[in-house]
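A.B. asks: Please find the sequence and the predicted model below.
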Amino acid sequence: MYLDPEEEKILAGENGETRQKMMELLVALGTVFGAERLVPIRSAQVSGASYKTIGEYGLAWLSSLHARAVVPAVLNPIGMPRERWKEMGVEPVFAERQQAVIEAYERLGVNLECTCTPYYLHETSFGDHLAWSESSAVSYANSVIGALTNREGGPGALAAALIGKTPCYGLHLEKNRKPQLIFTVKSDERNWGIARYGALGYFAGKLAGNRIPFFKGIRPDRDQLKALGAAMAATGAVAIYHVEDITPEAKKNRYDLSGLETITITPTEIDRIFSEIHVDAVAVGCPHCSPDELAVIARLLKGKTVTKPFYIFAAQGVIDKNLMTVNIIEKSGARVYADTCMVVSPVMERYSAIMVNSGKALAYVPDMCGAVARIGSIEECVSVATS
Ligand code: F3S
């Protein structure tokens, strides 16, 4: 792999031991995946932030590093809201270790916005090279924005943040971003909300595996695309997809789709994913809520009182800009928490069945929280939480 003179110096240890280690990691990754060079990145998003997932070993590794990020870098959700962890019921022992993880990242110059939706906080544009690691953020960046990122592991994203570059392979190359499979979705008369797109992604991801899908027959908005991509990245390994006449690369490129396998998806197949099991908590905001999603929840909750725990997750920056909306939601007894989510917070392990409006959460809650998961529309989630 070609390195310019500055990169060679870092590899030789002239800029400190941590930078040297990080460059070694990037070169190793690039060599394994056949990269010819490194490419500068606009931002990094670093997973491996919840103490629930990285534990003492991860914390010890982070604590051994001594360098600062040279590009904007944000963290993935952690195991608790930084400010309101007591109110959420997080154990002090966990909070203390989680705090140590946050401080380790802070020392490394990583911004403590802990979110899987960094695109709501930092401008990210078509054609930007990134090193993001959370799978739904990667899917959104590649598919909805038209930026270019592989799905980085936590250490790879952190190395890219500290060096400002990432190996140029995989989805950083246009030739690897073309459709490999067609999904034709049979539409029906119903209005397809976010949950239904999440369920579609849940179903389609299993069929796609690691192939790049090209969807026909749907017209999702941005929040619906977010739900679709997040779920496909959870049940499959889909890091980029295209939707005919909707996503930027599908609009820009005239893809040759001849010869690709075509799979037809019917409304009945999506209906089967919805169930009516009894739940003891409701959680939405996977991926973290957009301002529009918060507004819908506020409208549905206005004047009502919740009768079971109702968690809503969003980035702190989004909450701060929508305080009136958040106040309406919280008047009902529901809680809007930043920094964490229903999958990475240990608090959710106290429930036996959780209702979500996300195909990704539907896929992850059983293993990560030990709870049964049920998917429903946001209207159904509010109805269950308030009845
Ligand atoms: Fe984000 Fe947590 Fe879902 S990281 S995509 S809210 S599982």
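C.D. replies: All right, it came through fine.

A.B. asks: Stretch 342-349 near the ligand at all?
C.D. replies: Yes: Stretch 342-349 lies within reach of the ligand by CB under 6 Å from any ligand atom, at 343-344. C-beta coordinates here come from the backbone N, C-alpha and C atoms, glycine included.

A.B. asks: Show me what counts as buried in that stretch.
C.D. replies: For stretch 342-349, a neighbour-count test (16 or more other CB atoms under 10 Å) marks 342-348 as buried.

A.B. asks: now do stretch 288-298
C.D. replies: For stretch 288-298, by 16+ other CB under 10 Å, it's 288-290, 293-298.

A.B. asks: What segments of the stretch 151-300 of the chain are helices?
C.D. replies: 154-163, 194-208, 222-235, 248-252, 267-271, 291-301 (DSSP state H, counting those that start in this stretch).

A.B. asks: Buried residues, stretch 313-325. List them.
C.D. replies: Buried residues in stretch 313-325 (16+ other CB under 10 Å): 313-319, 322, 325.

A.B. asks: Likewise for stretch 107-119?
C.D. replies: Buried residues in stretch 107-119 (16+ other CB under 10 Å): 108, 110-111, 113-119.

A.B. asks: re the thing from before, could you export the helices of the stretch 151-300 of the chain as CSV, including mean pLDDT?
C.D. replies: Listed next are those as CSV, based on pLDDT from 0 to 100:
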stretch, mean pLDDT
helix 154-163, 97
helix 194-208, 97
helix 222-235, 98
helix 248-252, 97
helix 267-271, 93
helix 291-301, 98
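
A.B. asks: what residues does the chain put near the ligand?
C.D. replies: Counting by CB under 6 Å from any ligand atom, the chain sits next to the ligand at 76-77, 116, 134, 136, 230, 286-288, 313, 341, 343-344, 360-361, 364.

A.B. asks: mind listing which of those are in strands?
C.D. replies: Counting by DSSP state E, those place Phe313 in strands.

A.B. asks: What residues does the closest residue to Ile273 other than its chain neighbours make contact with?
C.D. replies: Counting by CB to CB, 6 or more residues apart in numbering, Ala199 is the residue found nearest to Ile273 once chain neighbours are left out, at 4.3 Å. The contact partners of Ala199, by CB atoms under 8 Å, 6 or more residues apart in numbering, come to 231, 270, 273-274, 359, 362, 375.

A.B. asks: For Ala199, give its distance to the ligand.
C.D. replies: Relative to the ligand, Ala199 is positioned 15 Å away (CB to the nearest ligand atom, to the nearest Å).

A.B. asks: and what of Tyr202?
C.D. replies: Counting by CB to the nearest ligand atom - Tyr202 and the ligand are separated by 13 Å.

A.B. asks: Could you give the number of residues near that residue?
C.D. replies: Neighbourhood size, Tyr202 [other CB atoms under 10 Å]: 26.

A.B. asks: okay but it is in contact with Ala361, surely?
C.D. replies: No: assessed by CB atoms under 8 Å, Tyr202 is found out of contact with Ala361, at 9.8 Å.

A.B. asks: tell me, what's touching these two both at once?
C.D. replies: Ile375.

A.B. asks: For the stretch 51-200 of the chain, which residue gets nearest to the ligand?
C.D. replies: Cys116 (3.1 Å; CB to the nearest ligand atom).

A.B. asks: Would you enumerate the residues in contact with that residue?
C.D. replies: 45, 76-77, 134, 136-137, 287-288, 341.

A.B. asks: Backbone torsions only: list them for it.
C.D. replies: Cys116 adopts backbone torsions of phi -90, psi 10, taken as degrees, to the nearest 10.

A.B. asks: Run through the residues that contact the residue most central in space within the chain.
C.D. replies: Nearest to the geometric centre of the chain sits Ser136, at 3.3 Å (CA atoms, centre = their mean). Taking CB under 8 Å, 6+ apart as the criterion, Ser136 is in contact with 116, 226, 229-230, 233-234, 286-287, 360.

A.B. asks: same check, this time on Glu87
C.D. replies: 81, 335.

A.B. asks: Am I right that it falls within a helix?
C.D. replies: Yes: looking at Glu87 with DSSP: H, G, I helix; E, B strand; the rest coil, it is inside a helix.

A.B. asks: count of residues packed around Lys178?
C.D. replies: 16.

A.B. asks: these two touch, right, it and Arg254?
C.D. replies: No: look at Lys178 against Arg254 with CB under 8 Å: they stay out of range, at 11.2 Å.
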